[in-house]
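Colleague: let me see the structure of the following:
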Amino acid sequence: MPQQLLSPYEPTTLTQNISYTLPAVLCSVTATAACETSTNGSTWIPFSNGTETSAAFIRSAGVGTVVTCKPVMSGVGGSSGGGGLTEIPEPLVLSGTATQASLILIHESAASDNRRWKIGCLDPNYLTFDQETDAGAHQSRMFYFTRNGGAQFMATLGVAGILTTPQLSMGERPFAAVVPSGVGDLVNFLDSTVNTIGSTIAGGGSFHVLGRWNGTIWKVIGV
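Modeller: Alright, predicted model coming up:
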């Protein structure tokens, strides 16, 4: 039986003749000695070092073999965006001293005026999502920040740099499907039995209300 699931990017020393479970995604696998892979744990084939594999298991007949798995993406590569396999890099850590560090995602088949998305970090409290032209000019911005003990806010910034449509949008949910995570949780319920401010919410009704979790019960705070 497989001994453990190999973690992406983390070198693992295999125990001799023991099978290990590979990540459930296409991976580029490197090994310090000859290995075998299998899709079912019973039929094994020789493994070529550095090959992309979708096999489920890997094992080594040698002692001290070190294996590293790096997930890859298919259908990525080249300016046309088609074809090959691109290795997914290790998680990128933005330095705490960086000023407006960012990542840029480009949808190559989209129009040139809205195909760039820049994910940035203005400071430890702000995460921004900017839609840009190819020249880097802002089209719009969405940002998320945490302040005042965890208060959260989303908004958009128009082309002219004016804050527009500030709002918190929450879809409605049935009472039975909600599990509170902490005091102050807010949920839009679609099946409350009451719709009076301050009333205790229970499910199974027809009222649409906004509820707040006080640590014990849900209270109606908006209708």
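
Colleague: I figured V183 was touching N214, is that so?
Modeller: Yes. Contact criterion C-beta atoms under 8 Å: V183 and N214 qualify, at 6.3 Å. Using the backbone N, CA and C atoms, a C-beta is placed for each residue, glycine as well.

Colleague: higher neighbour count, these two?
Modeller: When V183 and N214 are compared for neighbours, N214 comes out ahead with 13 against 10, by other C-beta atoms under 10 Å.

Colleague: residue contacts, that one?
Modeller: The contact partners of N214, by C-beta atoms under 8 Å, 6 or more residues apart in numbering, come to V183.

Colleague: over to the one 5 residues further on?
Modeller: K219 sits next to G198, S199, T200, I201, G211, R212 when contact means C-beta under 8 Å, 6+ apart.

Colleague: what's the end-to-end length of stretch 36-53?
Modeller: Across stretch 36-53, the terminal residues are separated by 11 Å (C-alpha to C-alpha, to the nearest Å).

Colleague: cool, and stretch 31-41?
Modeller: End-to-end for stretch 31-41, by C-alpha to C-alpha: 19 Å.

Colleague: any idea of the mean pLDDT in it?
Modeller: On average, the pLDDT along stretch 31-41 is 89.

Colleague: likewise stretch 190-200?
Modeller: 96.

Colleague: now tell me what touches that stretch from outside.
Modeller: Stretch 190-200 is contacted from outside by 172-175, 201-209, 211, 217-223, using C-beta under 8 Å, 6+ apart.

Colleague: not counting its neighbours along the chain, what's nearest Q139?
Modeller: Q131 (4.3 Å; C-beta to C-beta, 6 or more residues apart in numbering).
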